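Engineer: coords please:
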Amino acid sequence: MSSASAPSTSANTNTNTISTPTLDSESPALLQSITSHGGYAYARMATLAASGDQRAAEVAREMAWEQLHSGPWHSVLPVWRDAYSMACLLAAKFHFSNGEFRDSLRALDMGIIMGGPLLRRDLDSAIEFVSAAKARSYNNGRADADNDGREKAGSTLLVSPDEFDKSEVLRILPIRSLSSKIVGKRSALSLEGFLREYFLAGSPVIITDCMAHWPARTRWNDVDYLRRVAGDRTVPVEVGKNYLCSEWKQELITFSQFLERVQSNGCRSKVPTYLAQHRLFDQINELREDISVPDYCYAGGGELRSLNAWFGPAGTVTPLHHDPHHNILAQVVGKKYVRLYSASYCEELYPYSETMLNNSSQVSCLLGSFFWID
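Structural biologist: Residues are numbered from 1 along each chain as shown. Reported below is the predicted structural model:
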């Protein structure tokens with residue numbers, strides 16, 4: 001496979017080896033750059049790994065990981081992010097050749113989440129290749145050694161139709177919260193109408209029917225489907241009430257582990273697990289194919305700044321905050337309470353003075369997601 005062509009599983013002519021054409025061509029220059037920044041030991045380990053030393057691949061990955069955590073993320077040299085991607089690819093090759101498909105996928109996902117852009121095409125192609133090999137292995141009745149059989153579990157709804165208790169929600173929310181008519185609801189809203197009546201006027205609107213054709217509307221409420229297409233993939237999650245709390249932290253877990261926490265914890269947990277503001281669709285293509293980007297995102301000749309996912313249990317709260325760009329929130333499964341404040345109330349909402357939190361309010365909110373808007 002040429003590094004200039006689109007990645008595909010057919011590019012791996014040897015079914016026992018992960019093909020890495022970009023790594024093969026860029027490795028000398030990348031190792032030289034790493035060495036010029038003091039990474040002599042890393043370069044030696046990576047060279048040994050390329051020669052067949054699996055332990056050296058893991059050591060190289062640990063060395064790059066330490067560099068990624070040597071200071072604030074913005075201060076990490078880009079070459080060390082690419083070095084981490086390289087080590088993840090090398091480690092994934094060994095795991096794959098040993099039939100350790102889940103470990104191979106984890107290494108590749110870590111390369112995507114924490115690594116640099118140089119080897120992204122190899123990482124994406126390798127994930128497609130390993131996923132296909134794992135599926136073949138499972139279909140042939142030979143699940144990999146660490147398979148716990150969850151794929152055979154019956155289909156389970158993530159959110160049942162009778163789970164929403166409106167009376168309980170009304171008891172928690174401020175009076176008349178759900179009866180407000182300030183934000184209008186529109187059906188079959190044209191792009192021109194959206195632009196003229198809402199976007200240019202700076203007014204929020206609820207559009208009721210632009211997601212009806214999304215496969216995600218049914219598929220994402222099927223736990224069995226989510227496990228099948230994404231269960232072994234590693235994702236970053238937030239653990240704790242919200243990012244303003246002292247006990248808040250981040251973890252890297254598999255999507256199956258995340259689903260288990262969502263199902264077992266629910267709103268009763270004091271430390272909920274939340275997949276928040278992650279570019280999940282750049283990472284897991286199967287989930288990206290379940291949605292469509294609404295044309296409204298390009299109103300006024302604008303461009304899509306980011307496409308992120310939020311996924312969490314009942315009771316998850318996003319603190320009152322202000323985003324630097326416009327948002328289109330698509331609620332796929334379940335329900336979310338959203339409270340909006342005009343930017344004219346900014347001073348009364350007491351934003352933090354610290355640079356890292358100056359888009360967030362010190363006002364505590366109890367349920368849902370909260371924004372102040374321009």
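Engineer: where does the stretch 1-150 of the chain dip in pLDDT?
Structural biologist: Along the stretch 1-150 of the chain, the model assigns pLDDT under 70 to residues 1-15, 141-150.
Engineer: how about the strands of it, start to end?
Structural biologist: Ranges of strands within the stretch 1-150 of the chain: none, based on DSSP state E, counting those that start in this stretch.
Engineer: list the buried residues in stretch 195-206.
Structural biologist: Going by neighbour count (16 or more other CB atoms under 10 Å), the buried part of stretch 195-206 is 198-199, 205. Any C-beta I mention is one placed from the backbone N, CA and C, and that applies to glycine too.
Engineer: of these, which is the nearest to residue 51?
Structural biologist: Of all those, residue 199 has the smallest distance to residue 51: 57.3 Å, by CB to CB.
Engineer: in strands only, show me the buried residues of stretch 195-206.
Structural biologist: Taking DSSP state E as the definition of strands, those contribute residue 205.
Engineer: for residue 110, list the residues it contacts.
Structural biologist: Residues near residue 110 by CB atoms under 8 Å, 6 or more residues apart in numbering: 84, 88, 234, 252.
Engineer: repeat that with 7 Å
Structural biologist: The neighbours of residue 110, taking CB atoms under 7 Å, 6 or more residues apart in numbering as the test, are 88, 234.
Engineer: what's the spacing between it and residue 346?
Structural biologist: As judged by CB to CB, to the nearest Å, residue 110 and residue 346 stand 39 Å apart.
Engineer: doesn't residue 242 belong to a helix?
Structural biologist: No - assigned with DSSP: H, G, I helix; E, B strand; the rest coil, residue 242 falls outside any helix and is coil.
Engineer: okay, now it: neighbour count?
Structural biologist: Neighbour count for residue 242, taken as other CB atoms under 10 Å: 18.
Engineer: was I right about it contacting residue 316?
Structural biologist: No - applying CB atoms under 7 Å, one finds residue 242 not in contact with residue 316, separated by 8.3 Å.
Engineer: would you map the strands across the stretch 201-350 of the chain?
Structural biologist: Applying DSSP E, counting those that start in this stretch to the stretch 201-350 of the chain gives strands spanning 205-207, 234-239, 249-254, 273-278, 309-311, 317-321, 338-342.
Engineer: switch these over to a markdown table; also include mean pLDDT and distance to residue 132.
Structural biologist: A markdown table is the format used below for those (pLDDT from 0 to 100; distance: least, CB to CB, whole Å):
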| stretch | mean pLDDT | distance to residue 132 |
| --- | --- | --- |
| strand 205-207 | 95 | 37 |
| strand 234-239 | 94 | 18 |
| strand 249-254 | 94 | 19 |
| strand 273-278 | 91 | 24 |
| strand 309-311 | 93 | 24 |
| strand 317-321 | 84 | 37 |
| strand 338-342 | 86 | 40 |
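Engineer: how about the ones you listed, which one is nearest residue 263?
Structural biologist: Distance to residue 263, taken as CB to CB, is lowest for strand 273-278 among the strands of the stretch 201-350 of the chain, at 10.9 Å.
Engineer: so which elements touch the closest one?
Structural biologist: When contacts are defined as 3 or more CB pairs under 7 Å, 6 or more residues apart in numbering; DSSP states H and E, strand 273-278 sits against strand 234-239, helix 255-265, strand 309-311.
Engineer: repeat that for 6 Å
Structural biologist: If contacts are counted by 3 or more CB pairs under 6 Å, 6 or more residues apart in numbering; DSSP states H and E, strand 273-278 sits against strand 234-239, strand 309-311.
Engineer: quick one: that strand to chain centroid distance?
Structural biologist: In terms of CA atoms, centre = their mean, to the nearest Å, the gap separating the centre of strand 273-278 from the centre of its chain is 7 Å.
Engineer: got the buried residues for that strand?
Structural biologist: Within strand 273-278, the residues scored as buried using 16+ other CB under 10 Å are 273-276, 278.
Engineer: go through the strands of the stretch 201-350 of the chain and name the closest to residue 357.
Structural biologist: Across the strands of the stretch 201-350 of the chain, residue 357 has its closest neighbour in strand 317-321 (8.8 Å, CB to CB).
Engineer: give me the neighbour count for residue 74.
Structural biologist: Using other CB under 10 Å: residue 74 sits among 5 other residues.
Engineer: what's the closest of the buried residues of strand 273-278 to residue 35?
Structural biologist: Distance to residue 35 across the buried residues of strand 273-278 (CB to CB) is lowest for residue 278, with 33.1 Å.
Engineer: partner residues bridging that closest one?
Structural biologist: For residue 278, the beta-bridge partners are residue 309 (DSSP bridges).
Engineer: columns distance to residue 30 on top of the buried residues of strand 273-278, output as TSV?
Structural biologist: Below are the buried residues of strand 273-278 laid out as TSV (distance: CB to CB, whole Å):
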residue	distance to residue 30
273	35
274	35
275	31
276	32
278	27
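Engineer: out of these, which comes closest to residue 121?
Structural biologist: Scanning the buried residues of strand 273-278 for proximity to residue 121, where the rule is CB to CB, the winner is residue 278, at 20.6 Å.
Engineer: lovely, talk soon.
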